[in-house]
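A.B. asks: My questions are about this predicted structure, shown below with the sequence.
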Amino acid sequence: MDFAFSDEQQAFAELARKIFVARCSADQLKTLETGGGPRFDRTLWQELAASGLLGIAIPEAFGGAGQGFFELASVIEEVGRHTAPVPLIETLVLGALPIAEFGSEAQKQALLPAVAEGRLILSAALLEPESDPARPDAPLSTIATESKGGWRLQGHKLCVPAGQIAERVLVPARLASGEVAVFVVDTAAPGVRISPLATTSGEPAASLEFEDVRVTSAERLGD
């Protein structure tokens with residue numbers, strides 16, 4: 001079997017490397033990191049969008065390149081190599097890929113082109129104050145109570161990657177039946193409280209609290 005990278009796969013990695021070399025020098029990163037605010041370069045984010053790299057694993061029908069996880073991983077490797085200040089894993093792996101796989105047609109149409117064009121940052125809120133690696137099947141404390149035309153979210157999520165810059169966050173919550181549902185929550189919605197957290201890596205992360213946050217049926221991911 002031939003395990004060598006194809007020319008196309010190498011081209012994605014080389015394009016990412018070229019962009020990061022130009023934008024992620026030690027001096028540029030230091031200026032960003034000492035400037036206050038989250039470690040996020042919006043100009044670099046737009047360059048990645050213009051190059052097509054933000055849409056690398058998004059289906060072509062929604063403005064992406066329709067590539068696979070391997071091609072995406074080659075770009076993520078360059079993010080790590082250059083410590084690039086962009087939420088690529090958060091937006092594409094935690095957010096866009098689940099939406100592309102499980103989202104409704106309306107969700108895909110509304111969200112995926114915006115990701116590919118650099119207009120939308122995504123993340124996922126997976127940890128809670130009671131989370132325990134030894135008990136991955138423990139019930140979620142974040143709950144979704146059925147309400148007319150949708151649900152009301154109540155709960156607290158910790159260490160949400162890029163939580164203070166993401167415009168939409170995938171939030172797992174427990175239903176009255178005990179089942180878990182995932183909701184695509186607008187972080188600007190009433191009742192969402194965002195508290196930035198200090199991290200040893202300097203990467204942006206936040207605590208998200210949901211106080212009677214209204215989500216509609218259209219914002220539930222999958223069935």
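C.D. replies: Yes, it's here. Numbering: from 1, shown residues only.

A.B. asks: was I right about Ile99 contacting Phe183?
C.D. replies: No - judged on Cβ atoms under 8 Å, Ile99 makes no contact with Phe183 at a distance of 11.9 Å. No exception for glycine: its C-beta is placed from N, CA and C like everyone else's.

A.B. asks: Find the least confident helix or strand in the chain, judged by mean pLDDT.
C.D. replies: helix 7-23 (a mean of 91; mean pLDDT, DSSP states H and E).

A.B. asks: which other helices and strands contact it?
C.D. replies: Counting by 3 or more Cβ pairs under 8 Å, 6 or more residues apart in numbering; DSSP states H and E, the packing neighbours recorded for helix 7-23 are helix 42-51, helix 69-81.

A.B. asks: one more time with 10 Å
C.D. replies: Helices and strands touching helix 7-23, as assessed by 3 or more Cβ pairs under 10 Å, 6 or more residues apart in numbering; DSSP states H and E, comprise helix 26-33, helix 42-51, helix 69-81.

A.B. asks: any idea of the mean pLDDT in the first one?
C.D. replies: When pLDDT is averaged over helix 26-33, the result is 94.

A.B. asks: how about that helix: buried residues?
C.D. replies: Leu29, Leu32 (16 or more other Cβ atoms under 10 Å).

A.B. asks: same for it, what does it pack against?
C.D. replies: Here helix 26-33 touches helix 7-23, going by 3+ Cβ pairs under 10 Å, 6+ apart.

A.B. asks: re earlier: of all the helices and strands packed on helix 7-23, which lies closest to Leu15?
C.D. replies: helix 42-51 (6.0 Å; Cβ to Cβ).

A.B. asks: what's next to that closest one, contact-wise?
C.D. replies: 12, 15-16, 18-20, 22-24, 28, 32, 41, 53-56, 75, 79, 84-88, 91, 114-119, 121, 165 (Cβ atoms under 10 Å, 6 or more residues apart in numbering).

A.B. asks: residues of that helix that come out buried?
C.D. replies: Judged by neighbour count using 16+ other Cβ under 10 Å, the buried positions of helix 42-51 are Leu44, Trp45, Glu47, Leu48, Ala49.

A.B. asks: Also stretch 92-108?
C.D. replies: Buried residues in stretch 92-108, counted by 16+ other Cβ under 10 Å: 92-100, 103-104, 107-108.

A.B. asks: what's the most distant pair in those residues?
C.D. replies: It's Val93 and Ser104 that sit farthest apart of those, by Cβ to Cβ, at 20.2 Å.
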